[in-house]
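Trainee: Need coordinates for the following:
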Amino acid sequence: MKQKYQSFANRLTKKVLVTVLLIMLFTLTMTFIAAYRGMRGEIRGRYLSLMNVVAEKIHLEVKTMEIEAMNVSDEVEHHLSSPETVMAALEKELRLNNFATGYFAAFEPDYFPEKGKWFEPYVYKQNDGSYRSDQVGSERHDYLNSDWYVRAMKEEKGFWTSPYIYRDETGYGGVFCTFVIPIRNETGRLVGVCGADLLLDNLMKDMRKIDDVSRTEGMQNIDERYSHLDFYSFIINDEGTYIAHPDKKRVLKENIMSHLGKDFLTIDNKRVASDMMQMKSGIENIMIDSLFADIYFTPVESTNWVMAIVVPKRALVQPILLLLFSLLSATGLGQILVWIICRRNIRKTMKPLVALTQSTDEVANGNFQAPLPPLEHRDEICALRDSFATMQQSLVKYIQDLKETTAKETAMKSELNVARKIQMAMIPNKFPPFRKRQDIDIYGSLTPAKAVGGDLFDFFIRDERLFFCIGDVSGKGVPASLMMTVVHYLFRSISTHFDEPKRIVEIMNDCLAADNKSLMFCTFFLGVLDLKTGQLVFCNAGHEAPYMIASGVERIAVDSNMALGVMEGMSFTTQEIQLPADALLFLYTDGLTEAMNLEKVLFGKERVEDALRQALKDGTTNAAGYVGRMTDEVAAFVKEAPQADDLTMLALGRLNKD
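Mentor: This is a model prediction of the structure:
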């Protein structure tokens, strides 16, 4: 035994050594992955937050400009008395508002005859902060044929123009985008347009905030012009044209698609450029200006612009490598110490296992009373010994409990079998049921999903009329079977005294709904067939509509009504049809249509109708034939799948005695 112990201890020590080495490699790998993901996630979170904040700020500025432009158009519409009042209104609004660079109005030809064909007053802020007013409309500046003017007069609503470069005679200007909105006179006629100019160069002030954050956090040393290691941002429109960029030479002159297409990763780059031009949001890996980088992009709400941030990969990898080196050193030393401690403790703690092994062998051989060795130290081995002792006691108790449980289950199964026999005895089970009558053909089948179930069907003849019903109680098992018994009793007792299906169903509903604390209900179909005339009067309470099989298969239209037992005082409807001689009615519960195979596919109403039509085509003429054919079709469909719900079918018809 000592040699076995030493051999086992040596093997365990070697396994610990291999395990420690594997743990070290795994730890280093996971450390690198965690460090990379953590830092990348931190950077992504930081720049996504910054990008969203700036994008929202730009959106607010754009919406503010739109509101200001609408206010200016209202002010101009109230001052259309003369060119001077229009000019004064524009200057007044420009002095009150801070976002716009300039306001203008452009009128229909000869609207102010003294101003001639073109009248376009323009008020704007100059470079020195002063305000200037000009009349810029002329034959040279024919705004009447400009796209923005024609579009505004047609659409009769405000819109943003595409960005453009504008400079005045002093050379001052920049990249602008204009919000144009129609103006109307007091009679509501379109007389021109009003607009507000937004200097897109101001957007770069917001964009630089991202670079300023990068600079203050010490991520990179950003210059005025971006370099290969900079974090920088830009804005493009839905055509891919740069409208804001650190390199002003690219604004309105270069396209993101052609720019990214210059690098060798053209497939991914072009896809990213396409996503941006389609106003999508995302984080992607690209090759830009011969540099691997992450690009963050999101659309600016209320515009056709997309804002993007470029973060070089190099700035991410360098700090991760430094962190990885530090973790590598600490992890290596820690794993060596763990191996030394484990080796020592293994040799010390293995000895008590020898004695415990001998005792547990006896327990494994069936001697549950075998004594276990006492241990001096309260450690894991002692806990294992106590667990074996508890297991011995539990096994003895389990065997005793198993015997008692088996006896109880046997008794319960016996009682359920008796209950099943009693329940099935309540359902008609002898066919044909009326052997002396040649004018009726009837056959039914009920298969519970459990020992007892909640489906039922019944029928009897009174005064040359066949009273019949079929029902489905909510739920399954014993509760459903108890309610099924009540429904069956109510049908028999009430139908004996009343003839009208509507009256019978209403009385049954009130009886079931009274004090229905279990909230159970029953779908129910009750019919009364006059065996002499073939008139069928019926009342439906939330049950599946039956089929009539004559020269073809037809689904009978029924009023759905409420199920039985839901609420007292409910009103039900009576319907009637003529059942031809030799025609059959086929009734069923939802256990037929909801029968499910192993692929979780339902049998469905279409398969029910197909089976009935095929049986009619094959020459089936009696009720038993249709029920049997449907039973075979369901069995072939579900195969080995367990039955999920009670399955009940009833077929009946009036035979031609001639």
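Trainee: Number of residues surrounding T331?
Mentor: Counted with other Cβ atoms under 10 Å, the burial measure for T331 works out to 16 neighbours. To be clear about C-beta, it is placed using only N, CA and C from the backbone, and glycine gets the same treatment.
Trainee: To which secondary structure element is it assigned?
Mentor: Using DSSP states H and E, T331 maps to helix 313-349.
Trainee: do L25 as well
Mentor: Secondary structure assigned from DSSP H and E places L25 in helix 2-77.
Trainee: following that helix, which helix or strand shows up next?
Mentor: Next along the chain after helix 2-77, taking DSSP H and E as the criterion, comes helix 83-96.
Trainee: for S302, what are its contacts?
Mentor: H59, V62, K63, E66 (Cβ atoms under 8 Å, 6 or more residues apart in numbering).
Trainee: What sits closest to the last one if chain neighbours are left out?
Mentor: With Cβ to Cβ, 6 or more residues apart in numbering as the measure, F179 is the residue that lies nearest to E66, at 5.6 Å, once sequence neighbours are left out.
Trainee: Identify the residues contacting that neighbour.
Mentor: By Cβ under 8 Å, 6+ apart, F179 lies in contact with M65, E66, A69, G158, F159, W160, T161, G195, A196, L198.
Trainee: SS state for it?
Mentor: Judged by DSSP: H, G, I helix; E, B strand; the rest coil, the three-state class of F179 is strand.
Trainee: For beta bridges, what are the partners of it?
Mentor: W160, A196 (DSSP bridges).
Trainee: need the strands for the stretch 551-658 of the chain, in chain order.
Mentor: Counting by DSSP state E, counting those that start in this stretch, one finds strands in the stretch 551-658 of the chain at the ranges 553-555, 575-578, 584-588, 647-654.
Trainee: As CSV, these with mean neighbour count would be great.
Mentor: As requested, the strands of the stretch 551-658 of the chain are exported to CSV (neighbours: other Cβ atoms under 10 Å):
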stretch, mean neighbour count
strand 553-555, 16
strand 575-578, 14
strand 584-588, 25
strand 647-654, 25
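Trainee: Which of these sits closest to F297?
Mentor: strand 553-555 (57.0 Å; Cβ to Cβ).
Trainee: in its sheet, what does that closest one sit against?
Mentor: Note on strand 553-555: by DSSP bridges, its sheet partners are strand 547-549 (antiparallel).
Trainee: Need the residues that contact the strand it pairs with.
Mentor: Residues contacting strand 547-549 (Cβ under 8 Å, 6+ apart): 553-556, 577, 579, 583-586, 608-609, 612, 616, 626, 653.
Trainee: hey, what's the residue nearest to G444 when sequence neighbours are not counted bridged with?
Mentor: With Cβ to Cβ, 6+ apart as the criterion, G444 has its nearest non-adjacent residue at 4.2 Å, and that residue is L650. Judged by DSSP bridges, the bridge partners of L650 are G444, L587.
Trainee: Equivalent analysis for C522, please.
Mentor: Bridge pairing for C522 - DSSP bridges - gives V473, L564.
Trainee: Report the contact partners of it.
Mentor: Residues counted as contacts of C522 (Cβ under 8 Å, 6+ apart) are 454, 471-474, 483-484, 487, 512, 541, 563-565.
Trainee: Just the buried ones among those residues, please.
Mentor: Neighbour-count burial (16 or more other Cβ atoms under 10 Å) is assigned, among the contacts of C522, to 454, 471-474, 483-484, 487, 512, 541, 563-565.
Trainee: Same list (these) but as a markdown table, adding distance to T523 and pLDDT.
Mentor: Shown next, in a markdown table, are these (distance: Cβ to Cβ, whole Å; pLDDT from 0 to 100):
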| residue | distance to T523 | pLDDT |
| --- | --- | --- |
| G454 | 10 | 83 |
| G471 | 6 | 94 |
| D472 | 5 | 93 |
| V473 | 8 | 92 |
| S474 | 8 | 88 |
| M483 | 12 | 88 |
| M484 | 12 | 89 |
| V487 | 10 | 93 |
| L512 | 12 | 91 |
| A541 | 6 | 96 |
| A563 | 5 | 95 |
| L564 | 8 | 94 |
| G565 | 10 | 92 |
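Trainee: Closest to L592 out of the residues you listed?
Mentor: Nearest to L592 among these, with distances taken as Cβ to Cβ, is D472, at 10.4 Å.
Trainee: Isn't that closest one up against Y588?
Mentor: No - assessed by Cβ atoms under 8 Å, D472 is found out of contact with Y588, at 9.4 Å.
Trainee: Common neighbours of those two, please.
Mentor: The contact sets of D472 and Y588 overlap at T648 (Cβ under 8 Å, 6+ apart).
Trainee: hmm, which helix or strand of the protein has the shakiest average pLDDT?
Mentor: Lowest on mean pLDDT, DSSP states H and E among the helices and strands of the chain sits helix 203-216, with a mean of 59.
Trainee: So what are the sheet partners of the following helix or strand past that helix and their directions?
Mentor: Beyond helix 203-216 in the direction of the C-terminus, DSSP H and E gives the next helix or strand as strand 232-237. Sheet pairing for strand 232-237, assigned by DSSP bridges, gives strand 242-244 (antiparallel), strand 305-312 (antiparallel).
Trainee: Switch the ones you listed over to TSV; also include mean neighbour count and mean pLDDT.
Mentor: Compiled in TSV, the strands paired with strand 232-237 are given as follows (neighbours: other Cβ atoms under 10 Å; pLDDT from 0 to 100):
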stretch	mean neighbour count	mean pLDDT
strand 242-244	23	84
strand 305-312	23	84
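Trainee: Tell me which of those strands lies nearest to S274.
Mentor: Minimum separation from S274 across the strands paired with strand 232-237 (Cβ to Cβ) falls at strand 305-312, 11.5 Å.
Trainee: S329: which of the contacts of strand 547-549 is nearest?
Mentor: Nearest to S329 out of the contacts of strand 547-549 is V608 (Cβ to Cβ; 73.8 Å).
Trainee: show me the contacts for the closest one.
Mentor: Residues in contact with V608, defined by Cβ under 8 Å, 6+ apart, are Y547, Y588, L592, T593, M630.
Trainee: Which pLDDT value does the model give it?
Mentor: Here, the pLDDT recorded for V608 equals 95.
Trainee: Run through the stretch 451-600 of the chain and note the low-pLDDT ranges.
Mentor: Low-confidence regions of the stretch 451-600 of the chain, defined by pLDDT under 70, span residues 451.
Trainee: In terms of distance to E254, which of the buried ones among the contacts of C522 ranks first?
Mentor: Nearest to E254 among these: S474, at 69.7 Å, using Cβ to Cβ.
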